[in-house]
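K.L.:
Everything below, folded, please.
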Amino acid sequence: MDDGHARSQNKPADEALFLQHENAWFDHYLKGVGPAPSSSAEALTTTCPKAAASEGPFEAASWDQLSPGEVRFGSAAAQTVLPGAGDPSIGATFDPIAGKDPCATASGADQPGAANYRLAVPAPGFTLLGSPTVIADLGVANADSELAARLLDVGPDGKERLVARGLLRPRSGSGVVFQLHPQGYRFAGGHTVKLELLPSDAPYARPSNAQTPITVSNLELRLPVREQPGAVGGLVKTPAPPGRAAAPQAGPAGPSTGAAGLAGRLRATRKAVRAPLRCSGGPCSGNLLVSRGKLTLARGSYSLTAGPTRAAKLRLTRSGRKALAKRRRSGKRSLPIRLRLEDAGRPAPIDLARRLRLRG
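P.N.:
Numbers count the residues shown, from 1 in each chain. All right, here's what the predicted structure looks like:
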């Protein structure tokens with residue numbers, strides 16, 4: 001409901017409904033007066049402006065049954081969240097204390113250095129009831145980095161309003177799952193749902209002192225909604241099980257398979273490229289390919305156990321040795337490349353844009 005601590009609007013009607021339930025609970029269990037309160041789940045939505053009545057109450061026998069449907073969207077393409085990204089004035093607008101107005105809006109344009117994901121909402125729209133869930137593959141060089149998520153409603157006028165937010169101290173790995181704060185909110189047809197990933201959400205939360213770039217790929221956002229599966233032209237789906245479904249296996253089940261992620265800088269000697277990898281969740285195996293345009297510079301495979309960071313050695317191709325030698329002769333100490341990671345524990349390969357450091 002839209003009542004309580006900031007950023008709530010503390011609507012009198014919402015508070016009155018809450019107090020009604022609260023008093024009934026105290027009357028029955030402490031005073032022995034009146035029937036036992038219902039154990040159902042109940043929710044009211046956030047609406048703007050403050051004078052607009054909240055939608056609901058929506059009732060169900062359990063929390064899960066409040067949202068029988070799910071809207072899912074995302075992208076497999078890799079995006080990089082850069083340190084220092086984010087307009088401070090937008091952060092101030094959405095701050096619970098400094099922002100003051102929970103219905104305030106800001107420019108809905110994508111901010112450089114952030115990872116952005118959008119879904120156009122068809123008529124008649126849908127109602128979020130619960131916690132938005134993010135599932136993604138993350139590449140993080142520093143465990144003290146921060147990932148801030150904002151769920152936004154972008155109107156036809158191009159202005160965005162904050163719906164929910166969340167914070168994560170991310171780790172590298174496949175299928176990392178985290179949730180934003182729960183919310184009740186209706187996304188109207190003609191609007192856009194936007195997920196924005198930033199390196200910080202100041203002044204709501206202070207930035208990390210040791211922020212490094214974060215690579216995000218294979219992202220899926222799951223929104224629990226009150227509409228039934230099949231609604232909104234089929235956009236609403238049956239809620240998926242937690243996490244990603246595992247690929248089917250033939251024969252007896254073997255040991256659990258983990259997934260490896262890049263855990264540092266790529267460095268090249270005159271014969272090979274060293275790629276630091278961290279394996280999580282079980283044994284990891286796969287192939288790596290370093291390329292620049294259509295030119296393959298290096299390739300190799302790896303087999304790791306879960307634990308500390310280890311370096312995979314990728315042999316330079318003949319063309320790769322020539323290209324790097326030419327780069328060194330020109331006085332350059334690095335070059336932009338693309339790393340393709342094909343891991344047995346990932347549903348699909350990922351491509352990462354990186355710089356390759358050249359050793360003498």
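
K.L.:
The stretch 251-360 of the chain: helices as residue ranges?
P.N.:
Counting by DSSP state H, counting those that start in this stretch, the stretch 251-360 of the chain has helices at residues 318-329.

K.L.:
Give the buried residues for the strand of greatest length in the chain.
P.N.:
In the chain, assigned by DSSP state E, the strand with the most residues is strand 214-225. Across strand 214-225, burial judged by 16 or more other C-beta atoms under 10 Å covers 214, 215, 216, 217, 218, 219, 220, 221, 222, 223, 224, 225. Yep, even glycine has a C-beta here, placed from its N, CA and C like the rest.

K.L.:
repeat for stretch 103-118
P.N.:
For stretch 103-118, burial by neighbour count (16+ other C-beta under 10 Å) applies to 104, 105, 106, 108, 113, 114, 115, 117.

K.L.:
now, among those residues, which is nearest to residue 160?
P.N.:
residue 108 (3.7 Å; C-beta to C-beta).

K.L.:
The closest one contacts residue 152, doesn't it?
P.N.:
Yes. Between residue 108 and residue 152 there is a contact under C-beta atoms under 8 Å: 7.0 Å.

K.L.:
can I get the buried residues of stretch 103-118 in JSON lines with secondary structure and distance to residue 14?
P.N.:
Formatted as JSON lines, those follow (DSSP: H, G, I helix; E, B strand; the rest coil; distance: C-beta to C-beta, whole Å):
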{"residue": "104", "secondary structure": "coil", "distance to residue 14": "20"}
{"residue": "105", "secondary structure": "coil", "distance to residue 14": "22"}
{"residue": "106", "secondary structure": "strand", "distance to residue 14": "25"}
{"residue": "108", "secondary structure": "coil", "distance to residue 14": "27"}
{"residue": "113", "secondary structure": "coil", "distance to residue 14": "37"}
{"residue": "114", "secondary structure": "coil", "distance to residue 14": "33"}
{"residue": "115", "secondary structure": "strand", "distance to residue 14": "34"}
{"residue": "117", "secondary structure": "strand", "distance to residue 14": "31"}
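
K.L.:
what residues does the lowest-mean-pLDDT helix or strand in the chain touch?
P.N.:
Lowest by mean pLDDT, DSSP states H and E among the helices and strands of the chain is strand 259-262, with a mean of 83. Contact with strand 259-262 is made by 137-140, 172-175, 215, 275-281, 284, 286, 302, 304, 339, 341, 343, 345-346, 352, 354, as judged by C-beta atoms under 8 Å, 6 or more residues apart in numbering.

K.L.:
what do residue 108 and residue 152 both touch?
P.N.:
Joint contacts of residue 108 and residue 152 (C-beta under 8 Å, 6+ apart) are 160, 194.

K.L.:
how close does residue 306 get to residue 277?
P.N.:
11 Å (C-beta to C-beta, to the nearest Å).

K.L.:
Can you pick out the residue with more neighbours from the two?
P.N.:
Shown here are residue 306 and residue 277; by other C-beta atoms under 10 Å, residue 277 has more neighbours (21 against 15).
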